[in-house]
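Quick one, structure for this:
(one chain, ligands or ions: 1)
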Amino acid sequence: MKALIILIFSLPIFLFGCSDQAAKSGKNVISGAAEIGGSYDLVNQINLPVTENNFLGKPQLIYFGFSYCPDICPTALQKMGAVQEKLDPNGSLINYLFISVDPERDTPDSLKAYVESGGFPLGLKGLTGTEEQIERVKLAYKVYSQRVPLSNSEADYTVDHSDIIYLMDENGMFVDFFFGRSTIQEISQVIKDLLV
Ligand code: NI
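From the prediction side, this is the model:
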C-alpha cells in the first residue's frame, strides 16, 4: 500500500512522522523534485485569503504538518527558528510558512496561537483551507499525509505526514529540501548561498 502511494505522488523523499509504524518505513528516494510547488488558494492565521503570489520576492521555507502533532512538527519548526536566528535574525529575508494537513482542526484561530509558539520562526505564517484546497497544495508539493484513528477514541485521530522542509527561491521555484531532522548547519549552508 505504501509503495503504491509513493508511486502515485512521485515523492522525491518519503518520510513519515507522528506514528511509530510510519517512522519505521524510513525514506525512499524518487525523482521529480523539480516539479515541486505550484499555485494554491488558502487562508492565513488571521483568516485572510493568500495564494503563492503573497510570498514571492523572498526565499521561502515551507513545512507541512498539523498543530496537534506531538513532536515531529515542533522539532522541524524549532529548527527553522534556529536557522532564522542564525541567518535572518530580523525575520525579514525569508518567508516562513507552515501549511496544515489537518484543516478540520487547524482553523485560522488555532493556527494563530500555534505559529506564535516560542522557538518557531518569528513571523511564521500558518496556512489552512478547505479539505479540497489542502489536497491541492499537498499535490503541488508532493506531500503525503493520512489521517490515522487513535484506538482509544473514535473521534480522535493523528495524522501521518512527510517530514520535509522545502526551500523555494524568491520566484517560488523549488531549490532544495531538508528533513525535519537535518542539522541547522546543513540547512543554513544551502540558504546562505541563496541570500548572497
Ligand atoms: Ni507533525
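
only C-alpha atoms for contact and neighbour calcs from this point on.
Will do.

Quick check: mean pLDDT of the lengthiest helix in the chain?
Criterion DSSP state H: the longest helix present in the chain is helix 72-87. For helix 72-87, the mean per-residue pLDDT is 96.

Determine the set of other helices and strands touching it.
strand 60-65, helix 184-195 (3 or more C-alpha pairs under 8 Å, 6 or more residues apart in numbering; DSSP states H and E).

Save these as JSON lines, and put in mean neighbour count too.
Putting the helices and strands packed on helix 72-87 into JSON lines (neighbours: other C-alpha atoms under 10 Å) gives the following:
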{"stretch": "strand 60-65", "mean neighbour count": "25"}
{"stretch": "helix 184-195", "mean neighbour count": "14"}
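
To the ion, which of these lies closest?
Comparison of the helices and strands packed on helix 72-87 against the ion by C-alpha to the ion identifies strand 60-65 as nearest, at 4.7 Å.

what's the angle from that closest one to helix 72-87?
Relative orientation of strand 60-65 and helix 72-87, computed by axes from the mean of the first three to the mean of the last three C-alpha atoms, to 10 degrees: 160 degrees.

ok, residues contacting strand 60-65?
By C-alpha atoms under 8 Å, 6 or more residues apart in numbering, the surrounding residues in contact with strand 60-65 are 73, 76-77, 80, 94-102, 143, 161-170, 172.

burial of residue 179, as a residue count?
For residue 179, the neighbour count with other C-alpha atoms under 10 Å is 17.

mind listing the strands for this structure?
All strands of the chain, identified by DSSP state E, fall at 16-17, 41-43, 49-51, 60-65, 95-100, 125-127, 145-149, 157-162, 164-168, 174-179.
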